[in-house]
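**Q** below: sequence and its predicted model.
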Number of protein chains: 2
Amino acid sequence: MVSTNGTNGTNGHVVPQIVHRHPLDQLSGDEVKVVRQAVINARKAAILFRNVYTFEPAKAELVKFLNAEHAGTLSAETPRPPRQARAQYDVVYEDGSHEYMESVIDIASENEVSMRKPEKGLQQSLTMDEFQEFSRVCVESDMFKKAVKELNLDAEKFDIAIDPWPYGGPDPGEVTPRYTQGLCFAKLRNENPDTNHYGYPLPIIPVMDTYKQEIIRIDRLATGGVENGLKYGTAKTNVLEHCQPAEYVPELLDTPLRKDLKPLNVLQPEGPSFTVSDDSLIEWQKWRFRVGFTPRECAVIHDVTYDGRSVLYRLSLSEMTVPYGDPRPPFQRKQAFDFGDAGAGRAANNLALGCDCLGVIKYIDAMLVNAEGQPSVSKNVVCIHEQDNGIGWKHTNFRTNRAVVTRNRELVVQFIITLANYEYVFAYKFDQAGGITLETRATGVVSVVNIDPGKVSPYGNVVSPGALAQNHQHIFAVRIDPAIDGQANTVFTEESMPIPMNPETNPFGNGYEVVRKPVTKSTWIQASPFTNLTVKMANTNKINPISQRPVAYKFIPSPSQLLLADPESIMAKRAAFAQHHIWVTKYKDEELFAAGEFTNQSQKEVGGVSDAVARNDDVENDDVVVWNVFGLTHNPRVEDWPVMPVEIHQLELKPADFFERNPALDVPGSKNVSSVEFGRDANGACCKADDTNGTNGHSNGDVQAAPTSHLQGTDTIPVSQVNGQNGH
Amino acid sequence: MVSTNGTNGTNGHVVPQIVHRHPLDQLSGDEVKVVRQAVINARKAAILFRNVYTFEPAKAELVKFLNAEHAGTLSAETPRPPRQARAQYDVVYEDGSHEYMESVIDIASENEVSMRKPEKGLQQSLTMDEFQEFSRVCVESDMFKKAVKELNLDAEKFDIAIDPWPYGGPDPGEVTPRYTQGLCFAKLRNENPDTNHYGYPLPIIPVMDTYKQEIIRIDRLATGGVENGLKYGTAKTNVLEHCQPAEYVPELLDTPLRKDLKPLNVLQPEGPSFTVSDDSLIEWQKWRFRVGFTPRECAVIHDVTYDGRSVLYRLSLSEMTVPYGDPRPPFQRKQAFDFGDAGAGRAANNLALGCDCLGVIKYIDAMLVNAEGQPSVSKNVVCIHEQDNGIGWKHTNFRTNRAVVTRNRELVVQFIITLANYEYVFAYKFDQAGGITLETRATGVVSVVNIDPGKVSPYGNVVSPGALAQNHQHIFAVRIDPAIDGQANTVFTEESMPIPMNPETNPFGNGYEVVRKPVTKSTWIQASPFTNLTVKMANTNKINPISQRPVAYKFIPSPSQLLLADPESIMAKRAAFAQHHIWVTKYKDEELFAAGEFTNQSQKEVGGVSDAVARNDDVENDDVVVWNVFGLTHNPRVEDWPVMPVEIHQLELKPADFFERNPALDVPGSKNVSSVEFGRDANGACCKADDTNGTNGHSNGDVQAAPTSHLQGTDTIPVSQVNGQNGH
């Protein structure tokens, strides 16, 4: 934050007493109020607010500002991008119809700068309020009441819990207004509001016309097994008799908690190694970056530098689609886009000290809005902390047995989102060797549907009696906007290829070659693990003086299975991004979302990476963006019930000839004084230091000493001795 | 350890006062001495001892014993496998010739039980002593002296350091006695014994006849660049003038260490959660297993059970080959088998408290022998400790905003090996959700050769002036001997396959199928990431009552690039194991090594997995062994110099319908009391508990409160209300 204090500026003018928020900072509550009023003034109509958030400046403008910031030449006179906000909202007309619009509001002037109305029929993500309406509308619906009555549930035993879901992809040719569907479960009336209803799935899905607020259809769900194929199965009533509780809150578990897990505490007696300034600026171990926030992406990493050198312009989770592989209608509509349909920022958990991460933790709050456009702060949605990730590098000199070993300290920017039954933990991890790892952990409750007693299904696994966890995929898209020593970058692929044995170039057959190819036009690339395909984001204008190769960052795209849906299916068409592992596109302002802005009820991907690639842009030595798609085909195990252990994926960005040596070489290899040898007094610091300091590793077994490794003790030879000279 | 105390046994006999060591325990020093004497007595000749270690009983015998142990019915009368040792040694005849032999010695009787002489020409791994001889023999060699003199090194500035290496694979048709080769470097005479010589590679490789102790050849090394192809390049002398120091020990660094890294301490105030008994028995969080040790494999995991149920009989690192991809002779002979040529147990580091791992640490010493067969204890070669690995599982009830979250505590059995320039960190990690992860970290100094000034090479990357780090691969083999609820197991492959859209089985195109196939005959299998190929080790005799599928453990084989060497090359033939990701073989006693027992100077793989598969054994519902091969194609970066940041790989074994729910469900989700919020007093426990306990996540932004997620607040509906009944 640049704050001028009313004294004379360098040019003699009296600088006004204003506070410039950083262009990447979240809006303040006052700024949200300005936006709200500006929208109301502009539209002069009833407004349903969806999102209000900082409008990132055009890159051309922002880069100039950031360059000045990095150069330390920022002053009140530095031209800075105007502070603006994006408002997303519906205008609600008197006949109840809605029209979705997006405005950019200039904060200083309190004016609308621009407004756009997307093509009619495109649906924005769901809001809280729409979800909250769902239960009310169901209760008032005769259609819904009738369907429930047919199930003949025990009213003494159960309540009904409805999880609103996005409608998924409409069927081919189906023209849909805004719809919401609801997955229905019975919930034990056991007085504990946290009893888990997912063990009691009901075989109905009510569909609501969102704006008309009426249930327009009840989809009946098949409950059959492998012998029933796509048909319904036998169950029409008594569908819950074979079901069982699926409790996970400790007070409802049928077993006591483990008592033999002793505390493992992380202490940072001198505090953390990172600093936070300007609200959003994080500095840690030569890294410097800003943490932004949007309602759709949650934490976004901006303007990443290492030791003053630019690495990334922007790094974000861009999209995720979760298609279910059960072909029985209407399960084809179980395909969520968790960023585009719901919004990771709005679904983010409020994190708890000592539970979601350990050590000294910085929390960041999120500024959201409610339907009236009023600011609403969600506390602690992003946490920042350090963690130890084992050994960072080590070498033992076998001649002296001296080991130099450093720990692998990481800085973690983490958030966790809940989407009805399911959770994701996302973490951007920075390390001391110049690496950035984007980690995803999938957890939460797998989505289940009712299955008849005793049956099994080809479409999933029975994880609890009566509960079929359907096979599904999670396909993620990460957007990497590199700035490797500047904005003009080139993407290369590198593959390691065999060379047939031949006398001229490979006489013994051990040789192989590394084939490097620049990406010249926007394109997609498939992962290719058996050629070790590596993607390098390089700056060909800057050559590493040691290797004589362009400075670069690289990653190996995970060869995940991609979308299994038939390419002609709606599910595949609306997630074109999910059909290739890498997309290389030319940078374009506001092009942030792999499946396009409007995923909710989409029939095809519009404005996503497939459209961006189709522009056939030149991307060599240009402002290029790289999108990495990876996934998890999740055919559930019983062990995933009732809450699944984390499934972890990591995308590792690593410097490749960016530095002139291991950047972690200067990490001190200090000994951790709090470690204790098993069986020793916990207070006895260094109780065995003499035995374990790596210089005296061997003791006399029973008889005589021997060196540590089979190599130790090999001596060096003075050159003079070999040369036959007489000393020096 | 079963210890009887001399009182009456159950049958009235006076039981002798003896101590039974567990069949899987390492030898004691006294036992080693018994073995040594028995070998000397049997051979009546000069003996060069290589290895002496516990001879694991035949599985048929050991399983009976382990079953009694598990059943708690062990007594002094329980039949137990005889305590035996394997001795590996050379008989050294008076003419100086060696003959390699292996004996099994019965400890109680002090007698040789069996002896075998492998086919002549097969070479056992290298010993310490052989390595130590290398420098002495070089200094005494006129051939070596002449070669060094030609290099015209500055005797004031440099010593010579020679890293002995295995000879690699001989050339086609080459008949070799036992050879050792040496990679030569100059070492700065800077008084610090830990100055790093790898920055000064010399372009010669002396080759020693190991038994004759004479240098038989000096291989000259090409130093050219891309323009020289396989030819030598220009450098004959002054080969070091453009080289630079490659220091990594802190006192020799040209930059100060970072000063802004604050301590991050792990404290376990109540001690660890694991117990150690019997020397080798580890119990932790329902896991129970034994840690064995062999000179070749280092730590071996035996007899793994979870909550009393058998999971694995034995888990080990079996082999690793590191072929270099530089086709210029003699670099085809840079192909180490780090387990078979060197021995992970003998190359294991003596670990240091607070450096190699944090927290409360149990160390295990290794019993080795020297060339005379005398016991020699290597201290702290294996460490056992707990660590936190982030979130284990989490679910937030969006209706109440209550989060239940558990940490992912792991028990780690770790060892680190040094092979001249290079290090590997190996860890067996057990988690609370029934998973076992085998983690490898590659670190240390990449292998470099001299390159002329200003040149670059297609065969590697210049990581320091004059130092070309050659492209290479690391290919690992893990041996998994499953015992999923018993020894009779079946391996299945599962692939997730698309179904073309069709009205009968996939009307909307979203459906996919999971194709399961049992492995009936011993075979290899290729990883297949794009079909999500999963390997399941199942017990078809035991069906999970919930899913109705066989209990199993599964893993997804990493689709690593496999050996790039031409299949007809010696490098490929001696590492047949490295050509497929999965090998499924029928269990056979002592068949432990993927590339066979004798890898040193081998021309082809003998007795490895390729031979085992060729037996074409029935493996369905049988005692089956699964071998997983994965690798790392390492084309070095400048950042890998002078010591490379860890490259991490993980193989994850997970239960799949083995349990009847998430086995970590009973892990307490307790709050870590030592965590502190950034900017708060470090002593202020729970300073923000009210804000952060997950039940009060939202505050009034500037204006009014809103719930956490867009979902919170959706109510449940009494069935009676929907049914139109009048309450209950």
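**A** Perfect, I can see it now.

**Q** apart from its chain neighbours, what residue comes closest to A:G121?
**A** The spatial neighbour of A:G121 that comes closest, neighbours along the chain excluded (C-beta to C-beta, 6 or more residues apart in numbering or on different chains), is A:V175 at 7.7 Å. For the C-beta atoms, the positions are set from N, CA and C on the backbone; glycine is no exception.

**Q** give me the neighbour count for A:S496.
**A** 21 (other C-beta atoms under 10 Å in any protein chain shown).

**Q** hey, what's it bridged with?
**A** According to DSSP bridges, the partner residues bridging A:S496 are A:V514.

**Q** quick one: contacts for it?
**A** Shown here is A:S496, whose contacts under the criterion C-beta atoms under 8 Å, 6 or more residues apart in numbering or on different chains are A:Y512, A:E513, A:V514, A:V515, A:T531, A:N532, B:G325, B:N471, B:Q561, B:L564, B:T633, B:N635.

**Q** ok, back up a step: measure the residue nearest to A:G121 to chain B for me?
**A** Spatial separation of A:V175 from chain B under the definition C-beta to the nearest C-beta, to the nearest Å is 17 Å.

**Q** which strand or helix spans that residue?
**A** Element membership of A:V175 [criterion: DSSP states H and E] is none; it lies in no helix or strand.

**Q** backbone dihedrals for it, please?
**A** Main-chain dihedrals, A:V175, degrees, to the nearest 10: phi -100, psi 120.

**Q** parallel or antiparallel, list what pairs with the longest strand seen in chain A.
**A** In chain A, assigned by DSSP state E, the strand with the most residues is strand A:375-397. Strand A:375-397 has the following sheet partners, assigned by DSSP bridges: strand A:360-369 (antiparallel), strand A:402-419 (antiparallel), strand B:698-699 (antiparallel).

**Q** SS state for the closest residue in space to A:E297 that isn't next to it in sequence?
**A** Leaving aside its sequence neighbours, A:E297 sits nearest to A:S316 (C-beta to C-beta, 6+ apart; 4.8 Å). Here A:S316 is strand, with the state taken from DSSP: H, G, I helix; E, B strand; the rest coil.

**Q** what sits opposite A:S316 in the beta ladder?
**A** Taking DSSP bridges, one obtains A:R479 as the residues bridged to A:S316.

**Q** list the contacts of the closest residue to A:S675 other than its chain neighbours.
**A** Nearest in space to A:S675, with sequence neighbours left out and distances taken as C-beta to C-beta, 6+ apart, is B:G354 at 3.6 Å. If a contact means C-beta under 8 Å, 6+ apart, then B:G354 has A:K671, A:N672, A:V673, A:S674, A:S675 as its contacts.

**Q** hang on, the residue nearest to A:E297 packs against A:I301?
**A** Yes - taking contacts as C-beta atoms under 8 Å, A:S316 lies within contact range of A:I301: 7.1 Å.

**Q** neighbour count winner among the two?
**A** Taking neighbours as other C-beta under 10 Å, A:S316 and A:I301 compare with A:S316 leading, 25 against 21.

**Q** separation between the more buried one and B:P642?
**A** Between A:S316 and B:P642 the computed distance is 35 Å (C-beta to C-beta, to the nearest Å).

**Q** over to A:F630?
**A** Between A:F630 and B:P642 the distance is 33 Å, computed by C-beta to C-beta.

**Q** kindly report the same for A:R43.
**A** Here the distance between A:R43 and B:P642 works out to 64 Å (C-beta to C-beta).

**Q** these two: which is more packed in?
**A** Here A:R43 and B:P642 are compared on neighbour count by other C-beta under 10 Å; more neighbours surround B:P642, at 24 against 18.

**Q** which regions of chain A sit below the pLDDT cut-off?
**A** Applying pLDDT under 70 to chain A picks out residues A:1-19, A:235, A:670, A:680-715, A:724-728.

**Q** enumerate the residues of the stretch 101-250 of chain A near chain B.
**A** Within the stretch 101-250 of chain A, the positions near chain B by C-beta under 8 Å from any C-beta of the partner chain are A:126-128, A:131-132, A:134-135, A:138-139, A:144-145, A:148-149, A:153-156, A:158-164, A:171, A:186-187, A:189, A:193-194, A:197, A:229-230, A:248-250.

**Q** if we use 7 Å, what do you get?
**A** Counting by C-beta under 7 Å from any C-beta of the partner chain, the residues of the stretch 101-250 of chain A lying close to chain B are A:126-128, A:131-132, A:134-135, A:138-139, A:144-145, A:148-149, A:153, A:155-156, A:158-161, A:164, A:171, A:187, A:193-194, A:230, A:248-250.

**Q** centre of the chain to stretch A:442-461, how far?
**A** Averaged C-alpha coordinates place stretch A:442-461 at 26 Å from its chain's average position (C-alpha atoms, centre = their mean, to the nearest Å).

**Q** now do the same end-to-end measure for it.
**A** Separation of the first and last residues of stretch A:442-461 by C-alpha to C-alpha, to the nearest Å is 18 Å.

**Q** briefly note if it comes near chain B.
**A** Yes - between stretch A:442-461 and chain B, judged by C-beta under 7 Å from any C-beta, the touching residues are A:T443, A:G444, A:V445, A:V456, A:P458, A:N461.

**Q** before we move on, what about stretch A:591-607?
**A** No - contact of stretch A:591-607 with chain B is not found when judged by C-beta under 7 Å from any C-beta; the minimum separation is 12.3 Å.

**Q** can I get that stretch as PDB, trimmed to CA atoms?
**A** What follows is the C-alpha trace of stretch A:591-607 in PDB, where atoms were taken according to Å, rounded to 0.1, in the frame of the first residue of the first chain:
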ATOM      1  CA  GLU A 591      -9.300 -15.100 -20.300                       C
ATOM      2  CA  LEU A 592      -9.000 -17.000 -17.000                       C
ATOM      3  CA  PHE A 593     -11.400 -19.900 -17.100                       C
ATOM      4  CA  ALA A 594     -10.600 -23.200 -18.900                       C
ATOM      5  CA  ALA A 595     -14.200 -24.100 -19.600                       C
ATOM      6  CA  GLY A 596     -15.300 -20.500 -20.200                       C
ATOM      7  CA  GLU A 597     -17.100 -18.100 -17.900                       C
ATOM      8  CA  PHE A 598     -20.500 -19.700 -18.100                       C
ATOM      9  CA  THR A 599     -20.400 -23.400 -17.200                       C
ATOM     10  CA  ASN A 600     -23.600 -23.700 -15.400                       C
ATOM     11  CA  GLN A 601     -26.100 -25.600 -17.600                       C
ATOM     12  CA  SER A 602     -23.700 -25.100 -20.600                       C
ATOM     13  CA  GLN A 603     -24.100 -27.400 -23.600                       C
ATOM     14  CA  LYS A 604     -20.600 -26.700 -24.800                       C
ATOM     15  CA  GLU A 605     -17.500 -24.900 -23.700                       C
ATOM     16  CA  VAL A 606     -17.600 -21.300 -24.800                       C
ATOM     17  CA  GLY A 607     -14.700 -18.900 -24.300                       C
END
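
**Q** how far out from the middle of the chain is that stretch?
**A** Counting by C-alpha atoms, centre = their mean, stretch A:591-607 is centred 18 Å from the centre of its parent chain.

**Q** so what touches that stretch?
**A** Applying C-beta atoms under 7 Å, 6 or more residues apart in numbering or on different chains, the external contacts of stretch A:591-607 come out as A:118, A:122-126, A:166-167, A:169-170, A:176, A:179, A:316, A:318-319, A:321, A:337, A:340-341, A:477, A:479, A:570, A:573-577, A:608-609, A:612, A:627.

**Q** who does the helix or strand containing A:Q650 pair up with?
**A** In the assignment (DSSP H and E), A:Q650 maps to strand A:644-656. Strand A:644-656 pairs in its sheet with strand A:436-444 (antiparallel), strand A:550-555 (antiparallel), by DSSP bridges.
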